[in-house]
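J.: whatever this is, show me its structure:
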Amino acid sequence: MQASDKVFAGSIPELYDTLLVPLIFDVYARDLAARVARFAPASVLEIAAGTGALTSALVSQLGAQCSIVASDLNQPMLDRAATKPELRGRVTFEQADALALPFEDRRFDLVVCQFGAMFFPDRIKGYREARRVLKPGGRFVFNVWDKIAANEFTDVVVQSLATVFPGDPPAFLARTPHGYHDVEKIRADVRVAGFAEVSIATVGHTSRAASAREPAMAFCQGTPTRNEIEARGGSLEEATDVATAALAERFGHGEIEGRISAHVIIAGG
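T.: Now for the predicted structure:
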């Protein structure tokens, strides 16, 4: 993973929240929150909370007696999350590195992370940190994206950008969000970190957008792909236009839909 893969700043948090969250994150946030709720935790730590998609789902599905701490490496993402009315007074926000959590041992009943583990520079170390802050009998619940071919909008955008930059195509989306999808590798990493019980389920959904322009904007301008385009001296508008045309050619004009897929992992013991 390159250093730029972790940079969610400038206008990225707003575009991420308004376009990408409803496109691909909300449905998995509701899924993950429902799984968390089955354990009825009294205290939850969310890692890599981003702009609060999962945080909002947790608040809606967990009772007021459950304390929720939402953390993220990127303060601009947390700043965006903190503006959401439903989270004010209900969630404590704290900037934190997943590989060096600023919390004492055995503090939380459950640790949860939505689409963040792929960004950990050392995933086993991150999993060990999650285990360290869990109480005995606690659970670590997280999800990661499946391979990029199983996530159709993303795959088409990546392929289209390769035509704009044939010598050095932007690779963030394939390299990082979709670069950690091997189920047996994930299971092995979690066990090496000290978790004895590991269950993994592959969960598919359908992503829908009002037009091809929405996912093109979301991926080209609302993720670190934007940083890659600008670093190559490219035009964001041109790149977005090319991605829009490719999505429209594949999925049609007007409202479009495509497959999305992710792995959900529950670890304990």
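J.: and residue 99, which of the three is it?
T.: Here residue 99 is coil, with the state taken from DSSP: H, G, I helix; E, B strand; the rest coil.
J.: which residues of the stretch 1-150 of the chain fall in strands?
T.: Per DSSP state E, counting those that start in this stretch, the stretch 1-150 of the chain carries strands over the ranges 43-47, 67-72, 91-95, 108-114, 134-145.
J.: for the stretch 151-269 of the chain, that is, sorry about that
T.: 197-209, 256-268.
J.: I'd like the average pLDDT over the last one.
T.: Per-residue pLDDT values over strand 256-268 give a mean of 98.
J.: identify the bridge partners of the closest residue to residue 202 other than its chain neighbours.
T.: In space, and not counting its chain neighbours, residue 202 is closest to residue 263: 5.4 Å by C-beta to C-beta, 6 or more residues apart in numbering. From N, CA and C alone the C-beta is placed, and that goes for glycine too. Taking DSSP bridges as the rule, residue 263 bridges to residue 144, residue 202.
J.: how close does residue 263 sit to residue 191?
T.: Distance, residue 263 to residue 191, by C-beta to C-beta, to the nearest Å: 15 Å.
J.: dump the residue contacts of the nearest residue to residue 118 once chain neighbours are set aside.
T.: Distance criterion C-beta to C-beta, 6+ apart; nearest residue to residue 118, sequence neighbours excluded, is residue 180 at 4.4 Å. Listed by C-beta atoms under 8 Å, 6 or more residues apart in numbering, the contact partners of residue 180 are 117, 118, 123, 144, 145, 186.
J.: spatially, which two of those are the most separated?
T.: Distance extremes for the contacts of residue 180: the farthest pair is 123 and 145 at 14.0 Å, using C-beta to C-beta.
J.: do you know the pLDDT at residue 3?
T.: With respect to pLDDT, residue 3 has a value of 52.
J.: one more: residue 201?
T.: 98.
J.: identify the residue nearest residue 34 in space, chain neighbours excluded?
T.: Nearest non-adjacent residue to residue 34, counting by C-beta to C-beta, 6+ apart: residue 61, 6.2 Å away.
J.: measure residue 233 to residue 175 for me?
T.: With C-beta to C-beta as the criterion, residue 233 and residue 175 are 20 Å apart.
J.: of these two, which one has the most company?
T.: Using other C-beta atoms under 10 Å as the criterion, residue 233 and residue 175 rank with residue 175 on top: 17 against 7.
J.: that older thread, ok, residue 263 and residue 191, which is more surrounded?
T.: Neighbours per residue (other C-beta under 10 Å) separate residue 263 from residue 191, with residue 263 holding more: 20 against 16.
J.: contacts only, for the spatially most central residue of the chain.
T.: The centre of the chain sits closest to residue 115, judged by C-alpha atoms, centre = their mean, with a distance of 2.8 Å. Residues in contact with residue 115 (C-beta under 8 Å, 6+ apart) are 25, 28, 48, 50, 143, 144, 145, 177, 262.
J.: bridged to residue 198, which residues?
T.: The partner residues for residue 198, given DSSP bridges, come to residue 267.
J.: that one against residue 191, yeah?
T.: Yes: between residue 198 and residue 191 a contact is recorded at 6.0 Å, counting by C-beta atoms under 8 Å.
J.: so what sits against both of those two?
T.: Counting by C-beta under 8 Å, 6+ apart, residue 198 and residue 191 have no shared contacts at all.
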